[in-house]
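1. Compute the structure for the input listed below.
(one chain, ligands or ions: 2)
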Amino acid sequence: MLSRTAFRAVQSRSFSSSAARQTKVAVLGAGGGIGQPLSLLLKLDPHVTALSLYDIRGAPGVAADVSHIDSASHVTGYPADKLDEALKDVKVVVIPAGVPRKPGMTRDDLFNTNASIVRDLAAAIARVSPEAHILVISNPVNSTVPIVAETLKKAGVFDPRRLFGVTTLDVVRAARFLGEITNADPKETVVTVVGGHSGATIVPLLSQTPFGKAIKGEAYEKIVHRIQYGGDEVVKAKDGAGSATLSMAYAGAKFANALLRGLSGEKGVVTPTFVKSPLFEDQGVEFFSSDVELGVNGVENILPLGNLTPEEQALLDACIPDLKKNIEKGKAFVA
Ligand code: NAD
Ligand code: LMR
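-> Numbers count the residues shown, from 1 in each chain. Ligands and ions are numbered 1, 2, ... in the order given. Just a heads-up that it's a prediction; the model follows:
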């Protein structure tokens, strides 16, 4: 048995070796509905050594609160005029800044407000932490990711391996909904969801899972619709108070954890995410979500879609033109 002193020495050695790795993560929009629970979940992630919380409102308060949690990471909050300080030395930046939908709105209706918020944050990242991995949550993701890419290109620091649109909530929903109708644990019903993050651009590949391939006819139509329009369910239920925040914080933390595991050298970390992709470039679609292997440099390998059923091919055919328009709109905004 270890003596108390020897035990402390082991504890301190393991703390300093993880601290030496230094994985500082920033949340921009940390005071919001997603930002607060996301900050909490990131505080619990052992891969995070420091947490930098920024918002134009309320981040120091959120940071003071989260900082009392007994995990090893150090938390700092930054007010509106301290964006550059918040971004110093960060390895990963997560962006949930921007307005959410109200009932009757599409994600594209958020474009006018969120496009400039995301562009300005991306410009600051390009200036202060050009090598950071950027995770975009702010909607419309199909357009905000191209906005970030174009802003980084303008600054001469764009690396497609380090930019991700977070589509994990679609993956989380698909697993949950498929688990619900098949009475299975969602761990067994993981579905690859490809395309983009809004309505018809969300394409679940149910046929590629043992539980999903059995779903046919009306049940198939229903679950596809529920995965594509799951966000609307929450917007409607919140009745004007915003959109998904808690499930999104969970999904954002889940994706951040996958990326951090890849960055730390873990092999075989594969998950769908919206990245600059060659898969449909010949059809003018520059960004696309598909299974991506994450590694020490970010995007390591973009995996092909695999075999599709005629139904999935039809969903994909409907996705492509919408996605193309959303991407072009984002690019045009920066140009
Ligand atoms: P919210 O209004 O509760 O919070 C947004 C936060 O952003 C606020 O605290 C606000 O002060 C802050 N903010 C605004 N401008 C900022 C700026 N320039 N710099 C830093 N912070 C700024 O909204 P929410 O519910 O947290 O949603 C945020 C965004 O995430 C929305 O655009 C929403 O549509 C999107 N969203 C995306 C997904 C997804 O799957 N990718 C899921 C849910 C929500
Ligand atoms: C979601 O899918 O829940 C988010 O994109 C938020 C929204 O506006 O639906």
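
2. Wait, a helix at Val75?
-> No: Val75 is assigned strand when assessed by DSSP: H, G, I helix; E, B strand; the rest coil, not a helix.

3. which ones are touching it?
-> Residues near Val75 by Cβ atoms under 8 Å, 6 or more residues apart in numbering: Ser39, Lys43, Ala50, Leu51, Leu53, Ala63, Val66, Ser67. Where C-beta positions appear, they are placed from N, C-alpha and C, glycine not excepted.

4. Throw those into CSV and include secondary structure and distance to ligand 2, thanks.
-> Converted to CSV, the contacts of Val75 look like this (DSSP: H, G, I helix; E, B strand; the rest coil; distance: Cβ to the nearest ligand atom, whole Å):
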residue, secondary structure, distance to ligand 2
Ser39, helix, 18
Lys43, helix, 23
Ala50, strand, 28
Leu51, strand, 23
Leu53, strand, 21
Ala63, helix, 25
Val66, helix, 23
Ser67, coil, 28
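
5. now the residues you listed in CSV, with neighbour count, pLDDT and distance to Leu305?
-> Shown next, in CSV, are these (neighbours: other Cβ atoms under 10 Å; pLDDT from 0 to 100; distance: Cβ to Cβ, whole Å):
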residue, neighbour count, pLDDT, distance to Leu305
Ser39, 32, 98, 34
Lys43, 23, 98, 36
Ala50, 18, 98, 37
Leu51, 26, 98, 35
Leu53, 32, 99, 37
Ala63, 23, 98, 41
Val66, 24, 98, 39
Ser67, 16, 98, 43
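
6. Could you measure from Lys267 over to Glu300?
-> Applying Cβ to Cβ, to the nearest Å, the value for Lys267 to Glu300 is 9 Å.

7. Those two: which has the busier surroundings?
-> Using other Cβ atoms under 10 Å as the criterion, Lys267 and Glu300 rank with Glu300 on top: 15 against 11.

8. doesn't that one fall inside a strand?
-> Yes: according to three-state DSSP, Glu300 belongs to a strand.

9. Would you mind listing the residues in contact with the residue lying closest to Arg176 once chain neighbours are set aside?
-> Spatial nearest neighbour of Arg176, chain neighbours left out: Pro186 (5.1 Å); criterion: Cβ to Cβ, 6 or more residues apart in numbering. By Cβ under 8 Å, 6+ apart, the residues touching Pro186 are Ala175, Arg176, Leu178, Gly179.
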